[in-house]
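In: my questions concern the predicted model and sequence given below.
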Amino acid sequence: MKQNVKQNEGFLKRKNIEISAKRYGIDALGAMAQGLFCSLLIGTIIKTLGQQLGLEFLVSVGQYAFDMSGAAMAVAIGYALKADPLVLFSLTGVGYSANALGGAGGPLAVLFIAIIAAECGKAVSKETKIDILVTPAVTVLVGVGLAALIAPPIGAAAKAFGQLIKDATVLQPFWMGIVVSVLVGVALTLPISSAGLCAAFNLTGLAGGAAVAGCCAQMVGFAVMSFKENRWGGLVSQGIGTSMLQMPNIVRNPRVWIPPTLASAITGPIATCVFQLQMNDPASGVASGMGTCGFVGQIGVWTGWVNDVATGAKAAITGFDWLGLALICFVLPAVLSWVICQGCRKLGWIKEGDLKLN
């Protein structure tokens, strides 16, 4: 029995198949978000610009990128799982089918199915003399077969859960504004993908606006409150890069997380109750979990406005809309985090050098 276990462990190690929360919940999920960004999100931005500028070529380019989001997610996941080339390329059809059959919950279906298909493909890769036939066949058959069987129920479940969050936020904008803002903001700073989570549950509407607020509070908050230690390089790398850079400091002193998290608990309900900030980006909820990273969150809000105006859901983009976006995404996170951080420093909870980036 022990010998069989050792043989299985040896096989998995030889095939670089690592069954772990980190490999699937962090590496794969983060890669999926990158695949979404490079297809669905950037495609939507290009398409929207084309529509606003009257350039049909850009509209077409954006639509092509948008349509390939399933394939892009699957290939990104395969890359994160260190799949062999034949497995990696075979995942295009797997991702496309899982995303199409998963409907609104397509990204979550792609995540599960691409992981299973990639690992199965890796298991048989280079095991036969006709590898060029066996590996793609196994990957595609397993992936597309699973997509036909489980993508629709996974998509339906993800859609239902996401809709529950969105409905709850509409019914209780204050409390849900706090909950969604804090949780998604924390997810952004943790080594997991907040964008992937928001995309998986299609977190849009008021809930999407609260998510944007939480992410911005973490990124802008850490950037501003650590300016003394990290100066302009730290401001840029955290403010439009990622607050995940602070994770080593959070591990050493969890209290440094208090200011941006409290800031997100304040800006979330302001976003939902005062400005009714919504993320209605037609590219799905991926932008909700991006915050100020490359200003994707703000671009997503804008494209949502444009889409709402085009469909008649919104009369026009107003100055109040722009004021709310500026306050929620930049001004309030910066001011609140800095003020709260100063209080923490006076209490001795945050000391000199605690926020220094390596």
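Out: Done, it's in.

In: so for Ile340, what's the nearest residue that isn't a sequence neighbour?
Out: In space, Ile340 comes closest to Pro259 once its chain neighbours are excluded; the distance is 3.9 Å by C-beta to C-beta, 6 or more residues apart in numbering. In short, each C-beta sits where N, CA and C put it, glycine included.

In: my guess is that neighbour meets Cys341, correct?
Out: Yes - counting by C-beta atoms under 8 Å, Pro259 does reach Cys341; the two are 4.2 Å apart.

In: who has more neighbours out of the two?
Out: Neighbour totals were compared for Pro259 and Cys341, and Pro259 leads with 30 against 25 (other C-beta atoms under 10 Å).

In: now that one, what's its secondary structure?
Out: Of the three states, Pro259 takes helix according to DSSP: H, G, I helix; E, B strand; the rest coil.

In: quick one on the thing from earlier: need the residues touching each of Pro259 and Cys341.
Out: Here Pro259 and Cys341 have Met225 as joint contacts, going by C-beta atoms under 8 Å, 6 or more residues apart in numbering.

In: contacting residues for Ile258?
Out: Ile340, Cys344, Trp349.

In: just checking, the first one touches Leu262?
Out: Yes - taking contact to mean C-beta under 8 Å, the distance of 5.4 Å between Ile340 and Leu262 places them in contact.

In: endpoint to endpoint, stretch 26-45 covers what distance?
Out: 26 Å (C-alpha to C-alpha, to the nearest Å).

In: in that stretch, what's buried?
Out: Neighbour-count burial for stretch 26-45, counted by 16 or more other C-beta atoms under 10 Å, picks out 26-45.

In: in helices, which of those fall?
Out: Using DSSP state H to define helices, the subset of those located there is Leu29, Gly30, Ala31, Met32, Ala33, Gln34, Gly35, Leu36, Ile42, Gly43, Thr44, Ile45.

In: show the pLDDT at the second one.
Out: Per-residue pLDDT puts Gly30 at 79.

In: show me what contacts the spatially closest residue to it that is not a sequence neighbour?
Out: Excluding its sequence neighbours, the residue lying closest to Gly30 (C-beta to C-beta, 6+ apart) is Ser193, at 4.4 Å. Going by C-beta under 8 Å, 6+ apart, Ser193 touches Ile26, Leu29, Gly30, Met32, Ala33, Ala187, Gly289.

In: list the contacts for the first one?
Out: Ile26 makes contacts with Pro191, Ile192, Ser193, as judged by C-beta under 8 Å, 6+ apart.

In: quick one, phi psi at Met279?
Out: Per-residue torsions, Met279: phi -110, psi 100 (degrees, to the nearest 10).

In: number of nearby residues for it?
Out: Look at Met279: counted by other C-beta under 10 Å, it has 29 neighbours.

In: isn't it up against Gly209?
Out: Yes - Met279 is within contact range of Gly209, at 5.4 Å (criterion: C-beta under 8 Å).

In: what's the overlap in contacts for these two?
Out: Listed contacts common to Met279 and Gly209 are Ser288, Val301; contacts here mean C-beta under 8 Å, 6+ apart.

In: wait, Lys47 touches Phe57, no?
Out: No - if you go by C-beta under 8 Å, Lys47 and Phe57 don't touch, sitting 10.8 Å apart.

In: and these two? Which one has more around it.
Out: Neighbours of Lys47 and Phe57, each counted by other C-beta under 10 Å, are more numerous for Lys47; the result is 22 against 9.

In: hang on, that one in a strand?
Out: No - Lys47 sits outside any strand when classified using three-state DSSP, being helix.

In: need the nearest residue in space to it, chain neighbours excluded.
Out: Nearest in space to Lys47, with sequence neighbours left out and distances taken as C-beta to C-beta, 6+ apart, is Gly62 at 2.7 Å.

In: if we can go back for a sec, ok, of the contacts of Ser193, which one's closest to Lys166?
Out: Nearest to Lys166, judged by C-beta to C-beta, of these is Gly289 at 14.5 Å.

In: my guess is the closest one meets Asn202, correct?
Out: No - Gly289 is beyond contact range of Asn202, at 11.4 Å (criterion: C-beta under 8 Å).

In: tell me which of these two has more neighbours.
Out: Gly289 (32 against 27).

In: ok, now which ones touch that one?
Out: With contact set as C-beta under 8 Å, 6+ apart, Gly289 has these partners: 33, 184, 187-188, 193-199, 203, 211, 215.

In: so which of these are in helices?
Out: Going by DSSP H, the helices hold Ala33, Val184, Ala187, Leu188, Ser194, Ala195, Gly196, Leu197, Cys198, Ala199, Ala211, Cys215 from those.
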